[in-house]
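Visitor: Show me how the following folds:
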Amino acid sequence: MKKYLTGILKATTYAAILCSSVAQANIINLPVDITIRDFHQVHPDFQNGISGLTSGMVGTTLVGGVPVFVAAGGTGSVNNATTFASWYSGACDSSTPSLTCVATYNEQINTTVDESTGQLTYNSSSFFPLDAITGITGDGDSNNNHNYFFTVQFSLDLVYDPNLTNTFLFTGDDDVWVFINDQLVLDLGGVHSAATAGFNMNAIALSQGIQAGEQYSFDFFFAERHFTESNVNITSFLGAPVSVPEPSSLAVFTLGLIGLAGFWRRKKA
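Guide: Numbering: from 1, shown residues only. Modelled structure (predicted):
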């Protein structure tokens, strides 16, 4: 609570200085820090058939900050718990592409925030962030129009405000899982076409006993495991950030305090 109040006071103070220089347009760009793990097609969990939308692949609680595969081998086109473990943890090694990721990258994507409503949005019907990093040839794929086969994860800390809209909606493919306070709240596992799911933070706060003004953690995990499509569409109205944003975003945070989805930070692996 102390960190939350300190952050609000700092943000308000800085905003008083910066507001005069912030454009009055309603839509503002806000970068999001993400971790990308690159895989090759020879990894047994990638390009391993189309399972369709499959819930229940991972446990309901994060272990060591990452999801754990709990289904029977083959479920959701996943070989087993050991192969799945390489998706979000462990060292990358380009000499063992059938066992591990081949490289990891810390990058940013640009979301947009509507100052007047606090709606954070990211929409991509061609989500291939590795194309600009690795190129699309010699990347371990047999299809060279994109660099397929990767995972993405990011984490952030938010403060619960029951007066906000407090909804999160995702549409995309393939696997997507979201955890609040290490507990699974969105489950779109499997290799599938674009599917939609969401949650209401007010209901989750009630079930988890999160009180107004308390901090909670948000963890997002994504996997692109099959040729042809990669869709990521996010609409979020989650609460105010714990930490104070960079100066370029401070005024945006204060002006849009009614639901700005926060200062995004990458969780250390």
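
Visitor: Which stretches in the stretch 151-269 of the chain count as strands?
Guide: For the stretch 151-269 of the chain, applying DSSP state E, counting those that start in this stretch gives strands covering 167-173, 176-180, 183-188, 195-200, 215-224, 231-236.

Visitor: can I get those in CSV with mean neighbour count, mean pLDDT and distance to residue 148?
Guide: The C-beta positions use only the backbone N, C-alpha and C, and glycine is treated the same way. Formatted as CSV, the entries for the strands of the stretch 151-269 of the chain read as follows, by neighbours: other CB atoms under 10 Å; pLDDT from 0 to 100; distance: least, CB to CB, whole Å:
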stretch, mean neighbour count, mean pLDDT, distance to residue 148
strand 167-173, 21, 97, 12
strand 176-180, 23, 98, 16
strand 183-188, 19, 98, 18
strand 195-200, 15, 98, 18
strand 215-224, 22, 97, 6
strand 231-236, 20, 96, 13
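
Visitor: Indicate which one of these is closest to residue 206.
Guide: strand 195-200 (9.5 Å; CB to CB).

Visitor: neighbouring strands for that closest one, and are they parallel or not?
Guide: As defined by DSSP bridges, the strand partners of strand 195-200 come to strand 167-173 (antiparallel).

Visitor: and the angle for the partner strand with strand 231-236?
Guide: 180 degrees (axes from the mean of the first three to the mean of the last three CA atoms, to 10 degrees).

Visitor: Could you list the residues in contact with strand 167-173?
Guide: Strand 167-173 is contacted by residues 127, 176, 178, 186, 188, 191-201, 222, 224, 229-238 when judged by CB atoms under 8 Å, 6 or more residues apart in numbering.

Visitor: ok so, going back, and the strands of the stretch 151-269 of the chain as JSON lines, adding distance to residue 92?
Guide: Shown next, in JSON lines, are the strands of the stretch 151-269 of the chain (distance: least, CB to CB, whole Å):
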{"stretch": "strand 167-173", "distance to residue 92": "23"}
{"stretch": "strand 176-180", "distance to residue 92": "21"}
{"stretch": "strand 183-188", "distance to residue 92": "25"}
{"stretch": "strand 195-200", "distance to residue 92": "28"}
{"stretch": "strand 215-224", "distance to residue 92": "15"}
{"stretch": "strand 231-236", "distance to residue 92": "22"}
